[in-house]
Each structure stands twice: as C-alpha cells, then as structure tokens.
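1. Dropping the sequence and predicted coords here.
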Amino acid sequence: MMQTDNQSGAAQSPGLPLYSARAIRIFSMLFSAIAGGAMTAQNLKGVGQPAAARKALWGSIGYTVVVLVLVSFLPEKLSGSWLPIIIGYAGAMGLEAYFKKFTSNWSEFPKKGIGKALLICLAISVPLIALVIYSLTVDQS
C-alpha cells in the first residue's frame, strides 16, 4: 500500500525499513550527530527525498563543527563526560523533527537493523580512540 505524505508529495511505502528514531538518538549520543545525520539521510533517501537527505547530512556535519568550536571555549570544568551525550541528544532531536516534516507515519515503517551502521561507526571510532590513547601515552613518556 503506497501513501502520499501531505507536505512532500512523495509516495511512501510503509513496507520499506527505516532506522527508528530511538536508534538515531542512540547513535547521535554515543558517536556523534554525524552518525545520526547519516542514518536520517538514509531514511530520507528511502522515502524518496534525496535533496532533504543531503541537507540532513550536511546539517549534522555543520552542527557538529559549530558545537566543537563552541565547546572549545568552555571552561575545562564544564566540559564533562555528560556534555557529548546532551549535545548528541539535541542533534538527534533536530534530526527527528526534520525527518517528521517529510513523513508523519514513521512508526508504521518496519525498523531497519543497526548492524551495518554500528560496524561503520565502530570502524571509525575505535581507531580514533586508539590514536588518542596512543598520543596521550607518547606525550607522557
């Protein structure tokens, strides 16, 4: 059964699997808003909105860059371990609101598995974390 969304006019098939809002929030909090943006972009491509998909991805990259610049000005005692989670959650909520502009029936779509997204995020994050740890140990010696 194909449905047409009122705002976008694009035909949407609830049989097409999409990343859930919860998965996008978790990936945005654990990895970055860029991870959530990539997942949202995949969802938007899936519902026939490639231009919106590019905007979601570039918007999440821009958001991350702006946040990194702003956080660099914070006093050290404010930049605790809770800050990335809150920033990621805020980015995810923005992505979710943006996606809802293009489909109002997100919950009717089957949920897409997160395995591939998790592997990609880990493949990027683990080497970066290892590099940071290595650079810290080299600096101390």
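-> Right, received. Where do you want to start?
2. CA atoms for contacts and neighbours, from now on please.
-> OK.
3. tell me the mean pLDDT over stretch 81-91?
-> Mean pLDDT, stretch 81-91: 84.
4. List of residues touching it?
-> 25-26, 28-33, 60, 63, 67 (CA atoms under 8 Å, 6 or more residues apart in numbering).
5. Show me which of those are buried.
-> Among these, the ones that count as buried by 16 or more other CA atoms under 10 Å are 25-26, 28-33, 60, 63.
6. State the pLDDT value of the closest residue to K100 other than its chain neighbours.
-> In this structure, K100 finds its nearest non-sequential neighbour in W106, 7.5 Å apart by CA to CA, 6 or more residues apart in numbering. W106 carries a pLDDT value of 81.
7. now the buried ones among the contacts of stretch 81-91 as CSV including secondary structure?
-> Output for the buried ones among the contacts of stretch 81-91, formatted as CSV (DSSP: H, G, I helix; E, B strand; the rest coil):
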residue, secondary structure
R25, helix
I26, helix
S28, helix
M29, helix
L30, helix
F31, coil
S32, coil
A33, helix
S60, helix
Y63, helix
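8. The most centrally placed residue in the chain in helix, strand or coil?
-> A centroid search over the chain (CA atoms, centre = their mean) returns G36, at 0.8 Å, as the residue closest to the centre. Here G36 is recorded as helix under three-state DSSP.
9. quick one: contacts for it?
-> 24-25, 27-28, 60, 92, 95.
10. what pLDDT, on average, does the longest helix along the chain get?
-> Determined from DSSP state H, the single longest helix within the chain is helix 115-140. Computed over helix 115-140, the mean pLDDT rounds to 90.
11. Report the distance from that helix to the chain centre.
-> Helix 115-140 sits 18 Å away from the centroid of its parent chain (CA atoms, centre = their mean, to the nearest Å).
12. That helix packs against which elements?
-> With contacts defined as 3 or more CA pairs under 8 Å, 6 or more residues apart in numbering; DSSP states H and E, helix 115-140 has no helix or strand neighbours.
13. For it, buried residues please.
-> 117, 121.
14. re earlier: quick one: which of the contacts of G36 is nearest G48?
-> L95 (16.8 Å; CA to CA).
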